[in-house]
Structure formats: C-alpha cells, structure tokens
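Trainee: Kindly generate the corresponding structure for this input.
(2 chains)
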Amino acid sequence: MTADTGALWETFAAKAALLGASVRHVNGESELARLIQASAPGAVATRRARDRFPSLGQTLPSPAVPDGQAVDVVGSGELAVAETGSVLVAEANADRGATFLAQQLWLVVDAASIVPTLDDALDQVARLIARGTRYATLMTGPSRTADIERVMTVGVHGPGALTILVVDGEARTATEETGAAA
Amino acid sequence: MSGGIAPFKERYARALADTRLRTNLLTFQRAWRITRDEAFRRLSREGIPLGAAFTSFEAARQRLKGAKDLVLGDPASYKRDFMQRATEAGAVIHEAPTAAAAREVVLGILNAAGASRLAKGKTMVAEEIFLNHFLQEHGVQVVETDLGEWIIQLSGETPSHMVMPAIHKSRQQVADLFTAETGRAVPREDVKAQVNVAREELRRVFLAADAGLIGANALIAETGTVMLVTNEGNGDLVATLPRTLIVLVGWEKLVPTLQDARAHLRLLARSGTGQEITTYTSFITGAEPGRQLHIVFVDNGRSAMHADPDFQDALRCIRCAACADVCPPYQVVGGHVFGYVYSGAIGLVNTPFHHGLEAGAGPQSLCVSCGACATVCPVEIPLPRQILDVRARVVEARGLPPLKRLAYGVWASARLFDLGARAAAVVTAPLMRAGHGGYRFLRLPLPSAYRWRAVPAPAARPARDSLLGKRFAPLTTGPWSSSKARGLTVAYFLQCVTDRFAPEQAEAAISVLRACGVTVVVPAGQHCCGLPHLDAGDRPAARRMARATIANLEWERTHGGYDYVVTAAASCAIAMLHDYQHLFKDEPAWAERARRLADQTLDLLTFLDRVADPPPLPPSVSAPATTITYHSFCQSTNVLGIGGPAGAGVRLLRRAGITVADLPEGEVCCGFGGSASIDHPRVGQGIAERKLANIRETGATVVASDNPGCILHLRGAADAAGDPLQVRHIAELLAERVR
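Mentor: Numbering: from 1, shown residues only, chains lettered A, B, ... in the order given. Okay, the predicted model is just below:
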C-alpha cells in the first residue's frame, strides 16, 4: 500500500466508522480466507468473489438463489471511495440478490483499489456500463431507515451489518477482471 | 393508498386537530435544518482536500440546474438518446400520455408477464397516478416494500412527505397497524422491533413476487441508465429478485450525463435527509439475461408544464422535499393539507398540472410567500413566484369571494380607500383599548379562530396628513450626518399599512435618513403598491396599482428628482424590486418602466447598510436591562439576503451601539403572510406561536423588525397572549440613537 492509498484508507475508515460499517485489513488471500473462516464459518461467496480470490472459491460455496437464508455473504468490492466510505459492487443478478438478502455482508476490496472521490467512482461506473455492466451499486454502510418517528434504525431489508475486507499484498486491480456482471 | 383523497376542507380540519403532528413536524424541521446545513459544510471541508467536484451547495446546484435546463431545452432529443441506449441494452420502453394510460400500460406488462404478485419500491409517480388501487382491482396483489410506504399502505393513506411518507405516524400507530396485519402483538414502544417485523414480513414478499416496480431518481441520457437512490435495500431487492422489473418515471428525471449525476448525488441525500449519501446508489442499464426491464414514461401533465413558460422550471425538481422541510405552514398542517399527492412548495406548483386546478386550489392558499423554499431548492426553482402564479389562475377561474372582492376593490382605488380608511378610523375610535406592549388595539367581537391576534387600532392621524408632498432637509450635525449618503435625495414610499396604522415607523425612517445627511421627499399622490392584490391573486388589480405607483414615482423623478426610492416597508420594496417585472411580463413597456424603478429602489436597511454605511456609535447606556432581539422579515432574509445573525438589521443595530440577542430560527416567517393568516387563521396562529416562543427564549423584551406587516401581526399575537413584548420597527430604535 502506498502512502497515498494509506491516507485514503484512513479517510475511508473514518467514514465507515460513522456509518457503522467495519473495516478489516488482511495481508494476502490466505489471511482473508482464514479470517472469514473464523468470523463467518457458514458464509457463502459470490462467483465474482470466488473468481478473484480462488482460495475463497475452494472453501466457500456459492449462494443458493434466491432463498434469503444465507446469513453471511462474501461479495466482490470493485473499488472503495474515500470521500463517502462507499464500495462499488457489480455482482451478477443471482449473486446480487444474495448480497442484498444477507444479514451480514462482507465486501472484499483490493487495497490498491481505492479512489478519492465520488467523481472517480462514477468514472468507474461509466467504464463498467460501457463494458456492458447492467447493474452497479455504490454501497455505503449497512441498510437503514428513519421512517418510524425519524428514529434511525440500522438493518432493514438490506444487510444489517457490513464489513469491508481490504486485501493488502498481491495487488490485483478488480478493473482487469473479465466478464462484466451478466 | 385507497382510491381517493378527501376534500381539502376535510383534510385541513383533521390536520388542525392533530397537535402531535404539529409538534413532530416542528422537531423534524429543526433537526433537518441543522443536519442539512452541516452536511453541506462538511462537503466543502472534506471534499475540497480530496479534489472533489462541486464542493458546495451553490456549485452543485448550478451544475444540476444547468444540466436539467439542457434537457428542458430539447427534451425530445434527450428522451430519444435515453430510449435508444436503454433499448440497445435490452430495456423495453413504454410511453403513457395520461395517468389512466399509464395504469393500463403497467397492467398490460404484468398480464403479459403472467405476473400477479407485485413488490413495489418507493415511487412518487405511482402515487401520482393512483396505481395501487387500480392494480388491485384488476387482480394484482400489490405490496409496498419501503417501510414508510408499507405503513401508509396498511393505513390506506397517501404519503404526507415525499421522502418520509409516514412522518405523520407515531410508533404506537405503526405498532397497531403491524399487529393488525401480522396477527402478532408488535411492541408499541420499540421502533427497532417494529422495523424487524417489517424486515421479516417483507422478506417473504421479495421472494414470492413475480414482478417488481420501482421509480428512478435520475435517468442518464448518455448511457440509458436508471439511477436509484435508497437507504433500505428494498428498492434493489425489488429490482433484482423478480424476473420482471418495471421502472415508472416522469421524463423530467432525465439528465444528460453521468457527470451530471455527480452534482445530483452531492445534492440529493443532503437535501433529502441530511445524509452525505444514501446506503444504496444503483445504476441500472438495460435488462440482464433472462429478465425483463420495462421503463414506462408517464406524461400526465408534464408536457403542459413544459409548454408553460411560467412553470417549465418546476420540471427540474428532484423530489428531495427540502421545500417542505423549511416551510412554516407545512409544519403546522402537514403534507396531506399542504399538498395533494405531491406536498411541499413543489406540490403547490405541480398539482394543477397532474391533478387539476381544483386539487391545487386549497393547498396553494396556505402559502405565506416567505421564500424559504427557493433558498434550499437544489435546482433553484422559483417556487414562491410560481405559487403566486397558481394563485392568480385559481382566482381567475373562480373569482375572489364576495367580501374579499369588495374589500380589495375599495383598496385598489386610492380615493375610496382614503375615504374608507378615514371613516374606519373615526368609527373605531370608541372601540380603542390600550394593550400589552403599550400599543392600541380594537375591542372587537372576533370569531374564535381569530382571537389569537388582536386587531390594531388605526392611527388617529394617518402619516400622509403630515408627510405627503413634503420635503425634509438633511441634518447637518449628529453622529451619522456625514455618512456616505450625505447629499443624496431619497423619495420616500409610505406604504398603506404604515400610513394608517403606524405613522411613527415612517417618521422614524425619515428621521434616520435625514440624520444620515439625506434629503427626503414624500411624493404626493402615493397609494398602496398593489402587493396585497398580488398576494390575493388579483393580477389585474395588482397591475393597475403597480402602474399607478410606477407613474407616481416617475413623476417625482422627472419633476423633483431623487437618487433612490426608499421605504421602511421591506415587503413593498421587494414587490417593486422583484414582483413588478413579472407582473408585466406580457407588457414590455411597463416591464421596462418597472425595471427602471427597481434600479433605483432600496429597502431602508440596504440603503443604510450599503449606501450610507454610517459610523459605529458607542454602546447605548439607556435601559441597560432591556434585551433586544431582531426578527428579519422572511423575504428580507430569503429574497434580499440581508437577514441572519450577520445581516443588515443586526449589523445596523450594533453599529448604533445596541446589543442584540440572536433569535433562534430567525430566518423563519412570523406567520403574517399577507392574506394567508386571514384566510387560514389557525395556520397563522401556529406560525406566530413558533416565532413568539423563539423570541421568549432570548429573554428579549423588545423585538425589532424591518416590516410593518410582521410588526402589527406580532404585536397583536403578543397582546392576545398577554405578553408585554414590545415589537418595534428597527427604524424607531435607530432614530432614538441618531436623532
């Protein structure tokens, strides 16, 4: 991680804390797999997450869709946005349903894949759309509502808990991945 | 929601009886203001070091306004671009000219897809076309999945706020609705538990639905993308799980590019909820394999709005509801009354187009024209002016009620008004009583709805009797006599209300001007500027009186000469500065004459602050125990930009050596609102009570203001409440210091 991305991850972490999202840094893929095994033993992982991190693919099954039963879902975070604490997600339809139905969502992001601003993130959205991505979402924290008496409640229909797993070490930019979400 | 909306009078009566609603909305508005303002401050603080674009409300607003105006300049072209790109990506486009057609289109899509269980995300357009009831009548099971929308679906209501549809509901009411729906006892105090009930119940709906329906927060023309901004996750679940997705939109949601979406996203959540960004910002482009995406464009009056130059700008709306969140009458009555389907200021403007003039007639009458909505609108829609335009059309269609027509008719004639006013002063003299604050009121048998505000007694002698046609020399000595305005000549506009009820305010204003070294002439033949008639919706009369005022002041300019027209009646100054030109938009010659008048017109405070710029005086030593606070006329704040703790009024008082306590919610209207507080006394009362409570919080025994309407209104309300509060024109306080 460079000094620049380090500073950006600090900004990101501050935002995430305000949003009630957790951020965990792991060194390399094997530590990633170990952490998930320890913290979310029954987790399922989306195809995209399994493709990017083959050791996840070996240890975690795909989500069964649509059933809404999976408690922990590991998804692929294309990039992180320091300005807002957001993560860009572009899962294929079946897996996307699982990420939204999860009680706890884990998004895996390469440490090098962080951009300063929403503007940068939208540039990436534009690139994804040009390459045929049909559905991309900037996720910012766990789901929430204030519809009852304006009392803020975290955890409505989308995940009630969100953890961003930042993978340091072998930098692999998500943008090089083939196969846009389809 | 169920089939129909109750008549305005019924909704109004129900709202007036709901004190809890009023309290909740007050808390909400106060909280919203704080979080929204802080969110924009943080945008600048944090965005600039990161290199973000549009790092202020104003910068983002100008970008988004410009983007929307591009679309409004050539909607067909942007629609075409969007539809082409979306179709290339696999979406099916439908267009429906009317609400009825749109309902049929949606039903048709569902039938063709064999879908009978519809899961709905939040969309105002579906409310606008009364979709749910229609679908249910045709055998489609419709379940709202947004928490607020589900709550009002269960209670059979329409949304009372565009962003927080169930804001009028208490947690106990929600618990009861959920208990009835689920058959299980739902905790009445535990909001988290209630949300969990919704999560469990609606999970089943997401999974069982065979079709989903959402709206769009923006449509990106260059990519054919639907942008969806949500917090709960239901929108994305509805858009993901069922095989068929319908997106229901108005074409005004179009923006040209994804770059424009940046500005949109910087503005929407901050303006809507005070959040920096919502939890889920999704970009949906076309259909994924094996799925259907239908985009239904509903017109339902949008083209008519577009074709109408007075209302086209309102199509820039991004449905953030900020206009409701700063609206004083909205706080008193809520969105079911201050609106129809759409609520807040924008609801008052678009309801005639989407639902007919009748539907819009009641809600628009509640607007007090304070201008707050326009200051927070992320796309700078001229809402206050448009609401008055709606009012003019309502009055044109229905006429004024007979009593009003008579009163305003007399008022419009300088001669009849003078006779009537003098007669009234004589006739009411025996009814005069001394009231609180040292002011005189009339002992009148008022209907109970009006007893919260005492009626002021007319002055024994109107101001015109001692001031009209006179010329007053400047003072050559005194602490402000060598101000930067020394040697100038000012034509002073009296104002009808000041003339008849508070001559001392005009005298004080002239006194202060003279003390600044200014020669003051009071043109003979003055009458009312026509603002009351503009406010009442009688454009022809307003124009007649405006012409007379313009001509009167022109005559003075050519025969006597002056550098400025100045008045201590800020409302009239603003009418001359801003409203006159719009009144004459179809009469270029008069519009030009109005513009020339506006060029030379200033309200008293701006004249003193910017032109005279007098030197500071040592602190006042008289009455040290008196705490003074300042209420800036709402339009002075929102239209002239001279309000606030650093505004002209406070600054001038301090420059005159007077200590001023900050007034909480200083920018909020006092509730006078011209005819609004007479047509809707309970609303005027609600807003006045809010203002008086804020004043009381400062401990002030004197409140100064720059507008006679506010002053008489607050004096009357204070008196009726037994409050000895003194309400004075700032000119009077300044005059005491510099005479």
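Trainee: ok now do residue B:257, which residues does it touch?
Mentor: B:67, B:220-222 (Cβ atoms under 8 Å, 6 or more residues apart in numbering or on different chains). C-beta coordinates here come from the backbone N, C-alpha and C atoms, glycine included.
Trainee: Just the buried ones from those residues?
Mentor: B:67, B:220-222 (16 or more other Cβ atoms under 10 Å in any protein chain shown).
Trainee: Residue most distant from the centroid, chain B?
Mentor: Distance from the C-alpha centroid of chain B peaks at residue B:290, with 46.9 Å (Cα atoms, centre = their mean).
Trainee: which SS class is the closest residue to chain B within chain A?
Mentor: Nearest to chain B in chain A, going by Cβ to the nearest Cβ, is residue A:158, at a distance of 2.3 Å. Secondary structure state of residue A:158, per DSSP: H, G, I helix; E, B strand; the rest coil, is coil.
Trainee: looking at the chain, which helix or strand does the model trust least?
Mentor: All of this refers to chain A. When the helices and strands of chain A are scored by mean pLDDT, DSSP states H and E, helix A:54-59 comes last with a mean of 86.
Trainee: You answered for a different chain; I wanted chain B.
Mentor: helix B:676-679 (a mean of 90).
Trainee: secondary structure element for the closest residue to chain A within the stretch 1-150 of chain B?
Mentor: The stretch 1-150 of chain B approaches chain A most closely through residue B:148 (3.7 Å), counting by Cβ to the nearest Cβ. Using DSSP states H and E, residue B:148 sits within helix B:147-155.
Trainee: So what's the gap between that helix and the chain middle?
Mentor: How far helix B:147-155 lies from its chain's middle: 27 Å, per Cα atoms, centre = their mean, to the nearest Å.
Trainee: ditto for stretch B:508-519
Mentor: Offset of stretch B:508-519 from its chain centre (Cα atoms, centre = their mean): 35 Å.
Trainee: Let me see the mean pLDDT of it.
Mentor: Over the span of stretch B:508-519, the pLDDT mean works out to 98.
Trainee: Check which helix or strand residue B:295 maps to.
Mentor: Element membership of residue B:295 [criterion: DSSP H and E] is strand B:292-298.
Trainee: which residue is nearest the middle of the chain?
Mentor: Picking chain A for this. Nearest residue to the geometric centre of chain A (Cα atoms, centre = their mean): residue A:107, 2.4 Å.
Trainee: For that residue, give me its contacts.
Mentor: A:74-77, A:87, A:89, A:139, A:162-165.
Trainee: can we see that at 7 Å?
Mentor: A:75, A:77, A:87, A:89, A:139, A:164-165 (Cβ atoms under 7 Å, 6 or more residues apart in numbering or on different chains).
Trainee: still on that earlier bit, touching the strand holding residue B:295 from outside, list them.
Mentor: Here strand B:292-298 makes contact (Cβ under 7 Å, 6+ apart) with B:86, B:90-96, B:102, B:105-106, B:109, B:113, B:125, B:129, B:243-251, B:286-287.
Trainee: Equivalent analysis for stretch B:591-609, please.
Mentor: Residues outside stretch B:591-609 that contact it (Cβ under 7 Å, 6+ apart) are B:509, B:512, B:516, B:550, B:553-554, B:564-568, B:570, B:573, B:576-577, B:580-581, B:584-585, B:614, B:636, B:640, B:642, B:648-649, B:651-652, B:706, B:731.
Trainee: Of those, which belong to helices?
Mentor: Using DSSP state H, B:509, B:512, B:550, B:553-554, B:570, B:573, B:580-581, B:636, B:648-649, B:651-652, B:731 are the members of the contacts of stretch B:591-609 that sit in helices.
Trainee: where does residue B:602 land in three-state SS?
Mentor: Relying on three-state DSSP, one would call residue B:602 strand.
Trainee: Low-confidence stretches in the chain?
Mentor: In the absence of a named chain, this looks at chain A. A:65, A:170-182 (pLDDT under 70).
Trainee: try chain B instead
Mentor: For chain B (pLDDT under 70), the answer is B:1-3, B:622-625.
Trainee: And the residue of it closest to chain A?
Mentor: residue B:233 (2.3 Å).
Trainee: Convert the C-alpha atoms of stretch B:229-246 to CSV, please.
Mentor: What follows is stretch B:229-246, C-alpha atoms only, in CSV (Å, rounded to 0.1, in the frame of the first residue of the first chain):
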residue,chain,number,x,y,z
VAL,B,229,-31.0,6.3,-4.6
THR,B,230,-32.3,4.4,-1.5
ASN,B,231,-31.4,3.5,2.1
GLU,B,232,-33.3,0.4,3.0
GLY,B,233,-32.3,-2.1,0.3
ASN,B,234,-35.9,-2.9,-0.7
GLY,B,235,-35.5,-1.0,-4.0
ASP,B,236,-32.6,-3.1,-5.1
LEU,B,237,-34.3,-6.3,-3.9
VAL,B,238,-37.4,-5.5,-5.8
ALA,B,239,-35.2,-4.7,-8.9
THR,B,240,-33.2,-7.9,-8.5
LEU,B,241,-35.3,-10.8,-7.4
PRO,B,242,-38.5,-10.9,-9.5
ARG,B,243,-37.9,-11.7,-13.2
THR,B,244,-39.9,-8.7,-14.4
LEU,B,245,-38.9,-5.2,-13.4
ILE,B,246,-40.9,-2.1,-14.2
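Trainee: Measure how buried the closest residue to residue B:446 other than its chain neighbours is and give me the count.
Mentor: With sequence-adjacent residues excluded and distances taken as Cβ to Cβ, 6 or more residues apart in numbering or on different chains, residue B:446 is closest to residue B:455, at 7.3 Å. Neighbour count for residue B:455, taken as other Cβ atoms under 10 Å in any protein chain shown: 18.
Trainee: Kindly report the same for residue B:93.
Mentor: Residue B:93: 17 neighbours (other Cβ under 10 Å).
Trainee: Check which helices and strands the helix holding residue B:148 is in contact with.
Mentor: helix B:171-182, helix B:191-208 (3 or more Cβ pairs under 7 Å, 6 or more residues apart in numbering or on different chains; DSSP states H and E).
Trainee: will you turn those into JSON lines that also has distance to residue A:32 and mean neighbour count?
Mentor: Shown next, in JSON lines, are these (distance: least, Cβ to Cβ, whole Å; neighbours: other Cβ atoms under 10 Å in any protein chain shown):
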{"stretch": "helix B:171-182", "distance to residue A:32": "41", "mean neighbour count": "18"}
{"stretch": "helix B:191-208", "distance to residue A:32": "29", "mean neighbour count": "19"}
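Trainee: Make TSV from these and add distance to residue B:503 to it.
Mentor: Formatted as TSV, these follow (distance: least, Cβ to Cβ, whole Å):
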stretch	distance to residue B:503
helix B:171-182	53
helix B:191-208	56
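Trainee: could you dump the ones you listed to TSV with distance to chain A?
Mentor: Listed next are the helices and strands packed on helix B:147-155 as TSV, based on distance: least, Cβ to the nearest Cβ, whole Å:
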stretch	distance to chain A
helix B:171-182	5
helix B:191-208	4
